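S.K.: Model the following, please.
(one chain, ligands or ions: 1)
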Amino acid sequence: MIIPHPSHLARIPGHFTFDATTCVRASDGAQGAADLLRTLLAPATGLPLRPSPTGRVVLALDPELGGLGAEGYGLTVGPDAVLLRAARPAGLLHGVQTIRQLLPAQALSERPESGVAWRMPCVQVTDVPRFGWRGMMLDVARHFQPVSFLRRFVDLLAFHKLNVLHLHLTDDQGWRMPVAAYPRLTEVGGARSRSMIGRSGSGRFDDLPHAGAYTAAELRSLVAYAAERGVTVVPEIEMPGHTRAALAAYPHLGNVPGRELDVWTEWGVCRNILGVHDEVLDFCRTVLGEVLDVFPSSYVHIGGDECPVTEWEESPAARRRAAELGLAAPKDLRGWFLGRIGDFLIEAGRRPLCWAEDSGTLPPEFTVMPWRDTDHGLAAARRGHDVIMAPHRSTYLDYPQTEQPGEPLGQAGGIVDLRAVHGGETVPADWEPAAAARVLGTQAQLWSEFVPTAEHAEYLVFPRLCALADRAWNPAGDWSTDFLPALLRHEDRLAALGIAHRTIPHPAVPPHTPRATSRTTSPRTISQ
Ligand code: ACM
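M.R.: Predicted structure coming up:
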């Protein structure tokens with residue numbers, strides 16, 4: 001009953017018990033996984049898991065096991081020994097998470113747990129993920145979250161064998177990425193005077209300033225922390241739209257000379273976007289240069305979504321630029337802009353990534369995240385893009401989970417319940433093989449307009465992220481025979497991890513009937 005559902009698991013008779021004498025033998029290249037096992041088990045169990053060449057728990061890196069791919073692993077738990085093997089270190093890290101799930105849930109606690117036998121069932125596991133990109137996007141621009149929250153999040157992603165934390169670092173309502181060449185981005189762009197109450201267009205505001213930004217040292221340490229857990233942090237710097245915070249800091253980057261703007265206090269799509277003069281492209285390259293210095297990830301996200309082009313249509317300079325470039329209309333500047341920045345990233349040895357919402361033209365070197373409809377993914381794959389599926393109907397965790405009145409405010413336009421997430425097909429069965437082969441994987445998104453606290457974020461993310469992790473690792477896992485029974489067992493683990501999760505549906509209980517014994521936490525009342 002492991003989440004995500006392993007591609008092959010057989011129970012064999014007996015149990016293995018960790019105790020104070022249990023030692024760990026790690027082959028060359030497996031020390032990182034051995035350290036992680038120790039680090040993760042220490043708080044609850046207090047077990048030293050000393051290194052020893054005769055240890056009964058063996059972690060072995062063996063490049064000959066190429067069939068396990070970059071992230072697969074094999075795990076044999078026998079009554080007297082444990083053998084975890086993989087071709088690459090990432091596979092060992094995933095195997096460590098399986099060991100954690102095989103142990104009693106108390107092993108996940110941050111506090112010492114006494115009187116528990118650290119016993120796990122004997123099993124034979126061979127486990128290989130279907131998709132190489134299994135992620136979660138966190139929007140820390142609309143509501144800032146401290147690095148301590150991000151570290152915890154990395155741990156929760158790794159626990160579910162997810163391997164990407166996509167950080168949405170900039171938007172109209174806040175700029176969180178430190179940039180030494182442009183200090184006002186965080187000094188000015190990192191703070192807004194108030195926030196809209198309720199959904200976009202409500203016209204109502206609270207009176208609460210909201211501010212926050214990371215330091216480069218914090219982000220570097222997050223990247224290292226995540227890498228030790230098999231998670232890559234992928235930064236996103238939005239352009240050319242969703243940039244009102246940058247425009248507040250540096251008005252000359254906009255389309256209207258001499259205009260001063262504040263950091264946006266509303267929700268929705270802001271009409272103010274970057275200009276297209278050379279200084280703007282230089283700005284973007286300088287910012288990204290510093291981003292590349294902090295984030296070693298191969299992929300770098302440059303947003304690209306929801307870019308209203310009215311300001312370009314109204315700007316003589318932008319219209320002139322479009323004409324000089326031979327573009328049919330100012331709206332085509334979006335593709336041109338992203339293409340120039342994409343070239344910069346490619347020259348720097350990185351891969352440009354952006355959102356895709358229509359059939360707009362982008363150079364094929366871009367990997368795209370179709371977020372509106374699954375069909376946009378098919379269209380993008382047919383145009384020759386690699387694709388990471390993020391369709392909102394099954395991966396947007398800021399949508400409400402039910403229509404019940406007690407549910408906190410979420411995005412308008414639908415319900416994304418646990419079933420919808422688990423039912424989301426990363427590659428629909430009717431896609432032709434060439435298009436299907438372009439799909440790198442999938443990820444969940446948590447936009448944070450309506451998510452002011454860590455507790456609220458966890459309520460929205462869990463257990464829906466468990467469903468996404470299950471689909472991304474092993475789409476063959478069945479909802480009712482594999483996932484739901486596993487999730488019921490998983491509930492104790494989520495509780496031990498202290499996650500303020502939403503009620504897990506029990507098949508025996510009609511929907512929406514409160515269970516006297518359920519371990520749930522109500523979300524904090526969210527001002528609406
Ligand atoms: C998006 O939801 N605007 C990517």
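S.K.: Following element in sequence after the helix or strand that contains Gly14, please.
M.R.: Assigned by DSSP states H and E, Gly14 belongs to strand 8-18. Downstream of strand 8-18, the next assigned helix or strand under DSSP H and E is strand 24-26.
S.K.: other SSEs contacting that following strand?
M.R.: Packing partners of strand 24-26 (3 or more Cβ pairs under 8 Å, 6 or more residues apart in numbering; DSSP states H and E): helix 31-45, strand 57-61. In this view, the C-beta of every residue, glycine as well, is placed from N, C-alpha and C.
S.K.: would a markdown table of these with mean pLDDT be doable?
M.R.: Output for those, formatted as a markdown table (pLDDT from 0 to 100):
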| stretch | mean pLDDT |
| --- | --- |
| helix 31-45 | 98 |
| strand 57-61 | 98 |
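S.K.: Would you pull up the residue in the stretch 201-350 of the chain closest to the ligand?
M.R.: In the stretch 201-350 of the chain, the residue that lies nearest the ligand is Asp305 (4.1 Å; Cβ to the nearest ligand atom).
S.K.: if I pick that residue, what's in contact with it?
M.R.: Taking Cβ atoms under 8 Å, 6 or more residues apart in numbering, we find Asp305 in contact with 238, 241-242, 354-355, 357, 371.
S.K.: gap between the residue nearest to Cys307 when sequence neighbours are not counted and Gly268?
M.R.: Of all residues not flanking Cys307 in the chain, Gly241 sits nearest, at 3.5 Å (Cβ to Cβ, 6 or more residues apart in numbering). Note on Gly241: its distance to Gly268, by Cβ to Cβ, to the nearest Å, is 12 Å.
S.K.: Of these two, which one has the most company?
M.R.: Just comparing Gly241 and Gly268: by other Cβ atoms under 10 Å the higher neighbour count belongs to Gly241, 23 against 14.
S.K.: can you pull the contacts of the residue sitting nearest the centre point of the chain?
M.R.: Computing the C-alpha centroid of the chain and ranking residues by Cα atoms, centre = their mean puts Met136 first, at 1.6 Å. Met136 makes contacts with 153, 157, 162, 164-166, 443-446, 461, 465, 468, as judged by Cβ under 8 Å, 6+ apart.
S.K.: Reduced to three states, what does it come out as?
M.R.: Here Met136 is strand, with the state taken from DSSP: H, G, I helix; E, B strand; the rest coil.
S.K.: Give me the pLDDT for the nearest residue to it once chain neighbours are set aside.
M.R.: Closest residue to Met136 apart from its sequence neighbours, by Cβ to Cβ, 6+ apart: Ala444 at 4.9 Å. Listed pLDDT for Ala444 reads 98.
S.K.: What of Gln404?
M.R.: Gln404 carries a pLDDT value of 87.
S.K.: in stretch 401-417, what's buried?
M.R.: Under the neighbour-count criterion of 16 or more other Cβ atoms under 10 Å, stretch 401-417 has 401, 408-411, 416-417 buried.
S.K.: Reformat those residues as TSV; add secondary structure, distance to His490 and pLDDT.
M.R.: Compiled in TSV, the buried residues of stretch 401-417 are given as follows (DSSP: H, G, I helix; E, B strand; the rest coil; distance: Cβ to Cβ, whole Å; pLDDT from 0 to 100):
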residue	secondary structure	distance to His490	pLDDT
Gln401	coil	17	93
Pro408	coil	23	90
Leu409	coil	27	92
Gly410	coil	23	92
Gln411	coil	26	91
Val416	coil	19	97
Asp417	coil	17	96
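S.K.: Which members of those define the maximum pairwise distance?
M.R.: Largest separation among the buried residues of stretch 401-417 by Cβ to Cβ: Leu409 and Asp417, giving 16.5 Å.
S.K.: Could you check how many residues crowd around the nearest residue to Phe283 once chain neighbours are set aside?
M.R.: Excluding its sequence neighbours, the residue lying closest to Phe283 (Cβ to Cβ, 6+ apart) is Leu253, at 5.8 Å. By the measure other Cβ under 10 Å, the count of residues near Leu253 is 19.
S.K.: now do the one 4 residues further on
M.R.: Counted by other Cβ under 10 Å, the residues lying close to Pro257 total 10.
S.K.: count of residues packed around the closest residue in space to Ala248 that isn't next to it in sequence?
M.R.: Nearest non-adjacent residue to Ala248, counting by Cβ to Cβ, 6+ apart: Val263, 4.6 Å away. When neighbours are counted by other Cβ under 10 Å, Val263 registers 23.
S.K.: Noted, bye for now.
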